[in-house]
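Visitor: Would you be able to build a 3D model of this:
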Amino acid sequence: MIDFVSTLEGDRPTVEMRVVYDERDGRLVHTHGFIGDGTGMLAPAAEAQRAKAAFERAAHHHGADYLSVAHVPHGFRFQPEAPYRFDVKAGELVSLPQPATSAAELVKRPRK
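Guide: From the prediction side, this is the model:
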């Protein structure tokens with residue numbers, strides 16, 4: 001889920017997120033957010049439209065082969081700079097382990 005501050009008065013807008021991933025390895029190729037008042041594209045009956053919009057945007061840039069769309073669960077929080085993938089077998093979005101050493105630290109290390 002993406003946190004944001006709304007300047008609109010009243011209820012907090014509805015936020016729906018989708019990820020588009022490569023079916024072969026779970027690599028995320030696109031994230032797509034929908035923000036609104038719960039009607040139109042955010043109406044419960046519009047799930048197929050949201051998936052189609054996310055898929056079409058990703059396919060435009062990456063081609064349509066091997067791409068699938070998944071709903072990001074409500075309350076899921078993407079952590080800044082954390083890598084993610086879609087676990088195809090488990091059917092869920094997962095964070096990948098962070099490398100213990102940054103690339104900059106590897107460059108500074110003397111070779112043995």
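Visitor: from here on, contacts and neighbour counts on C-alpha atoms
Guide: OK.
Visitor: which helices and strands does the helix or strand harbouring Ala53 pack with?
Guide: Secondary structure here is read from DSSP states H and E; on that basis Ala53 sits in helix 47-62. The helices and strands touching helix 47-62, judged by 3 or more Cα pairs under 8 Å, 6 or more residues apart in numbering; DSSP states H and E, are strand 14-22, strand 28-36, strand 67-72.
Visitor: centre of the chain versus it, how much separation?
Guide: The offset between the C-alpha centroid of helix 47-62 and the centroid of the whole chain comes to 12 Å, using Cα atoms, centre = their mean, to the nearest Å.
Visitor: circling back to that earlier point, minimum distance to Lys52: which of the helices and strands packed on helix 47-62 has it?
Guide: Between Lys52 and the helices and strands packed on helix 47-62, the shortest gap by Cα to Cα is with strand 67-72, which sits at 8.3 Å.
Visitor: Rounded mean pLDDT for the helix holding Ala53, please.
Guide: On average, the pLDDT along helix 47-62 is 94.
Visitor: and it with strand 28-36, angle?
Guide: Interaxial angle of helix 47-62 relative to strand 28-36 (axes from the mean of the first three to the mean of the last three Cα atoms, to 10 degrees): 140 degrees.
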